[in-house]
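In: give me the fold of what follows.
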Amino acid sequence: MDMFADAIRIDFGSSASVEERLRNLREEGLAERQQPLLEEDSGNRSPTDKEKIAYVKKLCLAQLAYGQCTVDAEESSIDAALVLGIDHPLIDIGPKSTFVNFNGDMDHLESARDIMLSKLKDVAYLIEHTVKHGGDFTKLDIDTACTLLDEIEKEPLPYGWLLQDLFYIGLSTFGAIAAFFGSYADMLIVFVISLFNLCLKRVVKRYPTVLLPLDSFLVSLLTGMLTCGAFKISSWHDDLCSIPIVFLSPLIVYLPGSDLVYGSYEIFHNNIIVGASRMTSSLVKCMILAMGLTCGWYIVGYGFMEDKGDYEGANASFVPTGKCAPFTKPMNVGPWWVVFSGWNLVLLFPALGGLQVKARDFFWIYATAYASLLAFGALNFAIPSDNALSEFIVNLLGMFVATNLVCLREYIQGDPALPGLIPILLILAPGSSVLIDALKVMQSSAGVSRNSSADVVTYLFLLGVSYCLGMHIALSYWRPIIRSGRLGTNFKDLALTLSMLKGDNYFM
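Out: As a prediction, this is how the structure comes out:
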């Protein structure tokens, strides 16, 4: 019974504020000690530089562990360090490690990096509390804040393992219509493939040392095999342009989205190494997925295209990449407003659940993501074809609207803005186009496609920059507003100090 309860567990989240949680921890700590910490020689004294530095390091690593962009993680960590009275703090976040230098105390920090929006929200509130009140922190305050960070780290995920599995299946299945504009038949095939992929992911989790590094390749291999098998045996669904919809949907969680935008954003802010690493990582991830799909297709569908073109043997075994134009096939669900206003309502639930958003926090994140997706849909499909906008202009305008919405939420509630874009990018799946182009490059040697590797790289960077530019324009006026609200009277002094440390102008 306990096992079943754990499988379907839902953590709605606590209504207690950071201040209340810190106060409760402080009282618990005092009650458990024989000697109260408020004595002059213990908790009530001013913290040493070493204690402050240790706290700032924990704040920085916690943000990276739960999905914060490196630019914002550096900025907020330096804000906290300056408020705490640490002179000339230097934090330089790299692709794998973080270099810090506080008053000559240099260190390289390693941390796991994942996306857990519920934990990132708690850390963001703690940072806001620190930059507002850190100048008056005692040793007890520092110790209590460190304890709260440890508690956040040890908290279980907000949903049980069975719900996590259902989120993956739901995201893949509903994504066939809501993200890739397919049909009910496509959705059924994707549902079956997702079940097999889920079993494979369980095996990978059982043997992580050997199989975890191959996770994306194995899932794409199995997806390629099952997609080809489904279209070979189905007499009722043989439209080749539906094939990309079917193999992209189960891979939606593996497609690079936030990495493309974060990478461009970091390069914009002169974090060249980590930004370029993200962009390169996105390209390599797409190539690994393309290799897996091609290998799976060769295993099951060797010669699949022999009766559909002038190819034979290996040259007739390529993965079809011609995707149906949205809302043009009678079988596909449409029109566009039905998908963007109706199906996205459904798809956002597994998307937010998979990103570990607690049920209590669903509403505002859900509302901003839904409104942003509606804006993208209108820009793409509501404008008559004679006046249609370029894909990259749509990306820029859509991300501009989305960033304004998430920044408004941060200003009102304090939730970090940029991670709020991740659910939107997950559903828009910008990496799907890069994966299709990578498949075409692999097929160019057989004369099936004329794409070159330069086309893929250029498209990847243009895609990232088009999204990033819309985000960057909105942030250019929102960042000073949000920082002034967060820092209060400290804003001007800290902004000038941070400008000198990083060479940025926070008043622009």
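
In: quick one: the strands in the stretch 151-300 of the chain?
Out: Assigned by DSSP state E, counting those that start in this stretch, the stretch 151-300 of the chain shows no strands.

In: point out where the protein drops to low pLDDT.
Out: The model of the chain has pLDDT under 70 over residues 1-2, 30-43, 235-238, 307-311, 313-314, 445-454, 485-508.

In: okay, which residue is most central for it?
Out: Ile422 (4.2 Å; C-alpha atoms, centre = their mean).

In: what number of residues lie near the closest residue in space to that residue that isn't next to it in sequence?
Out: In space, and not counting its chain neighbours, Ile422 is closest to Ser258: 4.9 Å by C-beta to C-beta, 6 or more residues apart in numbering. (C-beta placed from N, C-alpha, C; glycine too.) Ser258 has 24 neighbouring residues, counting by other C-beta atoms under 10 Å.

In: wait, Ser258 touches Leu421, no?
Out: Yes: assessed by C-beta atoms under 8 Å, Ser258 is found in contact with Leu421 at 7.2 Å.

In: and the helices in the stretch 251-400 of the chain, which stretches?
Out: 258-268, 272-301, 336-338, 344-354, 362-377, 391-413 (DSSP state H, counting those that start in this stretch).

In: can I get the ones you listed in a markdown table including distance to Ser183?
Out: Formatted as a markdown table, the helices of the stretch 251-400 of the chain follow (distance: least, C-beta to C-beta, whole Å):
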| stretch | distance to Ser183 |
| --- | --- |
| helix 258-268 | 28 |
| helix 272-301 | 21 |
| helix 336-338 | 13 |
| helix 344-354 | 16 |
| helix 362-377 | 18 |
| helix 391-413 | 23 |
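
In: quick check: buried residues in the helix or strand hosting Glu19?
Out: For Glu19, the element it lies in under DSSP states H and E is helix 18-32. By neighbour count on 16 or more other C-beta atoms under 10 Å, the buried set for helix 18-32 is Val18, Arg21, Leu22, Leu25, Arg26, Gly29.

In: cool, and stretch 386-406?
Out: Applying 16+ other C-beta under 10 Å to stretch 386-406 flags 392, 394-406 as buried.

In: residues in contact with Asn387?
Out: Residues counted as contacts of Asn387 (C-beta atoms under 8 Å, 6 or more residues apart in numbering): none.

In: how far away is it from Phe381?
Out: 12 Å (C-beta to C-beta, to the nearest Å).

In: same check on Leu405?
Out: From Leu405 across to Phe381, the span is 20 Å (C-beta to C-beta).

In: equivalent analysis for Ser484, please.
Out: For Ser484, the distance to Phe381 - C-beta to C-beta - is 38 Å.

In: these two: who's more crowded?
Out: Between Ser484 and Phe381, counted using other C-beta under 10 Å, the more crowded position is Phe381 (19 against 16).

In: tell me the contacts of that one?
Out: Neighbouring residues of Phe381 by C-beta under 8 Å, 6+ apart: Pro326, Phe327, Pro335, Trp336, Phe340.

In: just the helices in the stretch 401-508 of the chain please.
Out: Under DSSP H, counting those that start in this stretch, the stretch 401-508 of the chain gives helices at 422-428, 431-443, 453-487, 491-502.

In: could I get those helices as CSV with distance to Ala367?
Out: As requested, the helices of the stretch 401-508 of the chain are exported to CSV (distance: least, C-beta to C-beta, whole Å):
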stretch, distance to Ala367
helix 422-428, 11
helix 431-443, 25
helix 453-487, 18
helix 491-502, 28
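
In: number of residues surrounding the residue nearest to Trp478 when sequence neighbours are not counted?
Out: Once flanking residues are discounted, Trp478 sits nearest to Cys407: 3.9 Å by C-beta to C-beta, 6+ apart. Neighbours of Cys407 under the rule other C-beta under 10 Å: 22.

In: so Cys407 touches Leu475, yeah?
Out: Yes: the pair Cys407 and Leu475 passes the contact test of C-beta under 8 Å, sitting 7.0 Å apart.

In: shared neighbours, the two?
Out: Both Cys407 and Leu475 are in contact with Ala417, where contact means C-beta under 8 Å, 6+ apart.

In: please, which helix or strand holds Leu61?
Out: Counting by DSSP H and E, Leu61 is found in helix 49-65.

In: quick one: list the elements packing against that helix.
Out: helix 70-84, strand 90-93, strand 97-102, strand 105-110, helix 117-133, helix 139-154 (3 or more C-beta pairs under 8 Å, 6 or more residues apart in numbering; DSSP states H and E).

In: please identify the most buried of the ones you listed.
Out: Compared across the helices and strands packed on helix 49-65, helix 70-84 shows the largest average neighbour count, a mean of 24 (mean count of other C-beta atoms under 10 Å).

In: can you give the distance of that one from its chain's centre?
Out: Taking C-alpha atoms, centre = their mean, to the nearest Å, the mean C-alpha location of helix 70-84 is offset from the chain mean by 21 Å.

In: just stretch 87-95 next, same as before
Out: Offset of stretch 87-95 from its chain centre (C-alpha atoms, centre = their mean): 23 Å.

In: how far does it stretch from start to finish?
Out: Start and end residues of stretch 87-95 are separated by 26 Å (C-alpha to C-alpha, to the nearest Å).

In: winner for burial among the helices of the stretch 251-400 of the chain?
Out: By mean count of other C-beta under 10 Å, the helices of the stretch 251-400 of the chain have helix 258-268 as the most buried, with a mean of 25.

In: list the contacts of Leu374.
Out: Leu374 sits next to Phe340, Ser341, Asn344 when contact means C-beta under 8 Å, 6+ apart.

In: make CSV from those residues and add distance to Gly301 to it.
Out: Shown next, in CSV, are those (distance: C-beta to C-beta, whole Å):
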residue, distance to Gly301
Phe340, 33
Ser341, 37
Asn344, 32
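
In: closest one of these to Lys96?
Out: Asn344 (35.2 Å; C-beta to C-beta).

In: Ile427 is in contact with that closest one, correct?
Out: Yes: because the distance of 6.9 Å satisfies C-beta under 8 Å, Asn344 is recorded as touching Ile427.

In: what do the two both touch?
Out: Residues touching both Asn344 and Ile427 by C-beta under 8 Å, 6+ apart: Ala178, Leu373.

In: circling back: out of the contacts of Leu374, who's nearest Ala351?
Out: Asn344 (9.2 Å).

In: so who does the closest one touch?
Out: Neighbouring residues of Asn344 by C-beta under 8 Å, 6+ apart: Ala178, Tyr370, Leu373, Leu374, Ile427.

In: how about Lys358, nearest residue that isn't a chain neighbour?
Out: Spatial nearest neighbour of Lys358, chain neighbours left out: Gly13 (3.7 Å); criterion: C-beta to C-beta, 6+ apart.

In: do the same with Gly303
Out: Here the residue nearest Gly303, using C-beta to C-beta, 6+ apart, is Ala316, at 4.9 Å.

In: the one you found and Gly301 touch, don't they?
Out: No: counting by C-beta under 8 Å, Ala316 does not reach Gly301; the two are 9.2 Å apart.

In: ok, now how distant is Leu25 from Thr147?
Out: Using C-beta to C-beta, one obtains 5 Å as the distance from Leu25 to Thr147.

In: can you list residues touching both of the two?
Out: By C-beta under 8 Å, 6+ apart, no residue touches both Leu25 and Thr147.

In: just give the number of residues close to Ala5.
Out: 9.

In: tally of neighbours for the nearest residue to it once chain neighbours are set aside?
Out: Excluding the flanking residues, the one nearest Ala5 by C-beta to C-beta, 6+ apart is Gly160, at 7.9 Å. Gly160 has 19 neighbouring residues, counting by other C-beta under 10 Å.

In: excluding chain neighbours, what is closest to Glu19?
Out: Closest to Glu19 by C-beta to C-beta, 6+ apart is His129, at 6.5 Å.

In: report the contact partners of the one you found.
Out: Residues in contact with His129 (C-beta under 8 Å, 6+ apart) are Val18, Glu19, Leu22.
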